[in-house]
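Participant: below are the sequence and a predicted model; questions follow.
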Amino acid sequence: MSAVSTQVVPDTDEEHVRTTSRLRRSARPADDSVKSIVGTSGGVAPQAATAEFPPFRLDPVNQCLWRCGESGEAKRVCLTPKAYALLQYLVKHAGRLVTQAELLAAVWPGCCVQPEVLKSQILDIRRILQDDPKNPRFIETLPRRGYQFIAAVNAILPNLMPSQDAVDCRLIGRHMPLNQLGEALQVALRGHRQLVFVTGPTGIGKTALVDAFQHHVITRAPAVRVGRGQCFEGYAGTEAFYPMLEALGQLCRGSAGPSLLQVLAKRAPTWLVQFPEFVSCEHRQVLQGEILGTTRERMLREIAEFIEAIAADTPLLLIFEDLHRADHSTVDLLSVLARRRNSARLMLIGTYSPADVGSADRPLKALKRELSMHHLCQEIGLPPLREEDVCQYLSGGVPDAQGKTAGLADLIYRYTEGNPLFMVTVLEHLRDRQLVAHHGGVWTLNVPVGGVELRAPESLRQMIEVQIGRLSEEERRVLEAGSIMGNAFSTVVGAACADIDTDRFEELCEELARKEQVVRQTEPLQLPDATMSERYAFVHSMYGEVLYTRQAASRRAKLHLRASAKLAALYARSIDEAAADLAHHCECGGDWQGAIKYLQLAADNSARRFGPRQAAAILERALDLVSRVHVLQRADLEVSILERSALICNASLDSRKLNTRGTRAVDSVNSCSRAD
Ligand SMILES: Nc1ncnc2c1ncn2[C@@H]1O[C@H](COP(=O)(O)OP(=O)(O)OP(=O)(O)O)[C@@H](O)[C@H]1O
Ligand SMILES: [Mg+2]
């Protein structure tokens, strides 16, 4: 496994500080309860929880110790892996003598270790715990026999039922769906895998609900691992397994990355090979050789086994957003994960908009119907907000404010019919026109209700236009450049697009995000040279759309070309990784040859992930674009695409397609020689 190289993004201490200060403590007697939470010798924790012996907390997920201060804040205390394992073993067997021989066998299995090594580790742990061996509070030495952990140990069991005040108080009217998600997670923690679809029309609050639940899980159940992936429109969206790869990348870059990569290498080499950043060049070549000739079914089986293996150790919550845009392979993956029978502490949440699933030719609809029939999934359909919810939103949780906001609530509710996106946009719009004010979290009218006119033609789009119109010229330039990249953009590429210095670009984004206007900061992007770039996302995709479409087509094309040039430079050594994005920017910028070149690379990516349908669709698009290049270059391009297509069909043994492709390639060569 030495060839697996890892780059780990450390957890922020702040996140853990928030986490620990909110944990619900449920005291339990030390011995048996502790056994069940700290984990077995095989590293499998039957219950997802943490052990606490004030002022310390042993964190099995991040394999570290936390020291909690009096005001509830917590500081991470670093332990070497052996010191952690030793302490964990003692805590797990708190209240009884653990002999030296037992400790050596548990922590250094199969090694011949001098007892002095053990003594020196115990010394270190005592120093960290500030424990006096003559008057111990935590570890007592029983001379010539061993050690005993003597402090009382509490289990911190996660409270998974969100209380309304525990989640972001800006999320209103979603107590029931949050509870349903909490219940599903409880069932998943008992080993019964759960697949939950959160559905509803655009702007109904699917993402907001899932965000709140994710936040709740991170703060209340830190022992649950969370991975999240997004489905996209465009070429990236047609790349096989896109959201799973995104979630997996996140998990492997997290604090548990090194151990996850070991499991990935063992159980799912076809997936490991998809991440050049985690594998050295030589190892990648070896892996590629090993997996040559394998099938897409193997890839599905491997990821399912990997997920089950890691979920046996630590429960896993996977979130796939906007499944109505999911590629075929992702839908197959959902099907496999939902149908497998083995016990797994896995919960998978998928959001989608039913109207979009129905209108497009997407495979999700049939799968959902089938899984529902066999009770293998559940659906949480989000209803519009009620008038009292709107009233609560306007009063910002301030107890006496509801009376003041009643008139406004009635107006907003009638106009928006309880659609949250519509509600927040209308309020912003009214604030821009100074008809309402927003102070201390409370929205109030500046004029009598009768003075507020919400005319029918004021669509959401028009309101967003007005909001954007109020920004400074420079801010608009930044956001328009961002919209070229889609729903989220990295500041490095965005700055190149906008032709603005990166620091200035970041400053403007930061300022906009601070004012909660149009964008919010999101996870940074790791570039191939291992540097990080800040990333921002539009608060809703509609903002991105409006910013994109308001630019003249020629300007958009220019910015797309700048984006492709910057991406090509950044990913020069690993161009495959950016192939789908590059193809998109080249096509939108009118660089047909570039688009065809990158589409072929993107098709190779999909073929490597055993997604022949995606690969075929991408090559089909490349073929369509051939008609746009100069007539003299067409034949060569067409032959190269058709050859690739034939190879992919051949690998997936689709002989019918293979024959048509072969014939078309021959035709193309013939017509080319005729032209000569
Ligand atoms: N329950 C709620 N309380 C307060 N604000 C909400 C609520 N639900 C959603 N919002 C706000 O409404 C806006 C739209 O919500 P969100 O993006 O979650 O919708 P969505 O259903 O995911 O939309 P899409 O279908 O386009 O993905 C966001 O600004 C969000 O913060
Ligand atoms: Mg959404």
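Facilitator: Okay, I see it. Residues are numbered from 1 along each chain as shown. Ligands and ions are numbered 1, 2, ... in the order given.

Participant: so the residue most central in space within the chain, which of the three states?
Facilitator: The chain has Arg228 as the residue nearest its centroid, 2.3 Å off, counting by CA atoms, centre = their mean. The local conformation at Arg228, judged by DSSP: H, G, I helix; E, B strand; the rest coil, is strand.

Participant: surely it and Leu316 touch.
Facilitator: No. If you go by CB atoms under 8 Å, Arg228 and Leu316 don't touch, sitting 11.5 Å apart. Placement of C-beta: from N, CA and C, glycine included.

Participant: shared neighbours of those two, which are they?
Facilitator: Overlap between the contact sets of Arg228 and Leu316, as judged by CB atoms under 8 Å, 6 or more residues apart in numbering, is nil.

Participant: if we can go back for a sec, quick check: the residue nearest to the centre of the chain vs Asn179, distance?
Facilitator: Here Arg228 is placed at a distance of 21 Å from Asn179 (CB to CB, to the nearest Å).

Participant: repeat that for Ala496.
Facilitator: Distance of Ala496 to Asn179, computed by CB to CB: 46 Å.

Participant: just Thr141 next, same as before
Facilitator: From Thr141 over to Asn179 the distance is 49 Å, taken as CB to CB.

Participant: list the buried residues in stretch 288-305.
Facilitator: Judged by neighbour count using 16 or more other CB atoms under 10 Å, the buried positions of stretch 288-305 are Ile291, Arg296, Met299, Leu300, Arg301, Glu302, Ile303, Ala304, Glu305.

Participant: grab the nearest non-local neighbour of the last one.
Facilitator: Computed as CB to CB, 6 or more residues apart in numbering, the closest residue to Glu305 that is not its neighbour in sequence is Arg267, at 5.1 Å.

Participant: for the one you found, what are phi and psi?
Facilitator: Here is the backbone geometry of Arg267 (degrees, to the nearest 10): phi -100, psi -30.

Participant: looks like it contacts Ala309 (just checking).
Facilitator: Yes. Using CB under 8 Å, Arg267 is in contact with Ala309, at 5.6 Å.

Participant: intersection of neighbour lists for these two?
Facilitator: Common neighbours of Arg267 and Ala309 (CB under 8 Å, 6+ apart) do not exist.

Participant: enumerate every residue touching the closest residue to ligand 1 within the stretch 201-350 of the chain.
Facilitator: Using CB to the nearest ligand atom, the closest approach of the stretch 201-350 of the chain to ligand 1 is made by Gly205 at 2.6 Å. Residues near Gly205 by CB under 8 Å, 6+ apart: Leu171, Arg174, Leu382, Leu385, Pro420, Leu421.

Participant: 10 Å instead, please
Facilitator: 171-174, 177, 198, 211-212, 382-385, 419-421, 423 (CB atoms under 10 Å, 6 or more residues apart in numbering).

Participant: repeat that for Leu318.
Facilitator: Contacts of Leu318 (CB under 10 Å, 6+ apart): 195, 225-229, 243-244, 247-248, 251, 307, 311, 334, 337, 346-350.

Participant: with Ala569 instead?
Facilitator: Here Ala569 is in contact with Val493, Ala496 (CB under 10 Å, 6+ apart).

Participant: for the helix or strand hosting it, buried residues please.
Facilitator: Element membership of Ala569, judged by DSSP states H and E, is helix 553-570. By neighbour count with 16+ other CB under 10 Å, helix 553-570 contains the buried residues 556-568, 570.

Participant: cool, and stretch 448-455?
Facilitator: Buried residues in stretch 448-455, counted by 16+ other CB under 10 Å: Val452.

Participant: stretch 481-494 now?
Facilitator: Applying 16+ other CB under 10 Å to stretch 481-494 flags 481-494 as buried.

Participant: one step back: more neighbours: Arg267 and Ala309, which one.
Facilitator: Arg267 (19 against 16; other CB atoms under 10 Å).

Participant: need the pLDDT of the more buried one.
Facilitator: Confidence at Arg267, expressed as pLDDT, is 93.

Participant: pretty sure His429 contacts Met463?
Facilitator: Yes. With contact defined as CB atoms under 10 Å, His429 reaches Met463; the gap is 4.2 Å.

Participant: what parts of this protein come near ligand 1?
Facilitator: 170-174, 200, 202-208, 322, 353, 393, 420-421, 424, 539-541 (CB under 6 Å from any ligand atom).

Participant: which among these end up buried?
Facilitator: By 16+ other CB under 10 Å, the residues of the chain next to ligand 1 give 171-174, 200, 203-208, 322, 353, 393, 420-421, 424, 539-541 as buried.

Participant: per-residue confidence averaged over the helix or strand containing Leu209?
Facilitator: Using DSSP H and E, Leu209 sits in helix 206-220. For helix 206-220, the mean pLDDT works out to 91.

Participant: by contact count, what packs against that helix?
Facilitator: In terms of contacts (3 or more CB pairs under 10 Å, 6 or more residues apart in numbering; DSSP states H and E), helix 206-220 is packed against helix 13-22, helix 175-189, strand 194-199, strand 225-230, strand 316-321, strand 346-352, helix 420-432.

Participant: following the fifth one, which helix or strand shows up next?
Facilitator: If I follow you right, that is strand 316-321. Remark: after strand 316-321, the chain's next helix or strand is helix 328-339, criterion DSSP H and E.

Participant: next, the angle strand 316-321 makes with that next one.
Facilitator: Here helix 328-339 points in a direction 140 degrees away from that of strand 316-321 (axes from the mean of the first three to the mean of the last three CA atoms, to 10 degrees).

Participant: report the distance from helix 328-339 to the chain centre.
Facilitator: In terms of CA atoms, centre = their mean, to the nearest Å, the centre of helix 328-339 is found 18 Å from the chain centre.

Participant: for stretch 79-91, same thing?
Facilitator: From the chain centre to the centre of stretch 79-91 is a distance of 31 Å (CA atoms, centre = their mean).

Participant: same deal with stretch 532-551?
Facilitator: On the basis of CA atoms, centre = their mean, stretch 532-551 sits 18 Å off its chain's mean C-alpha point.
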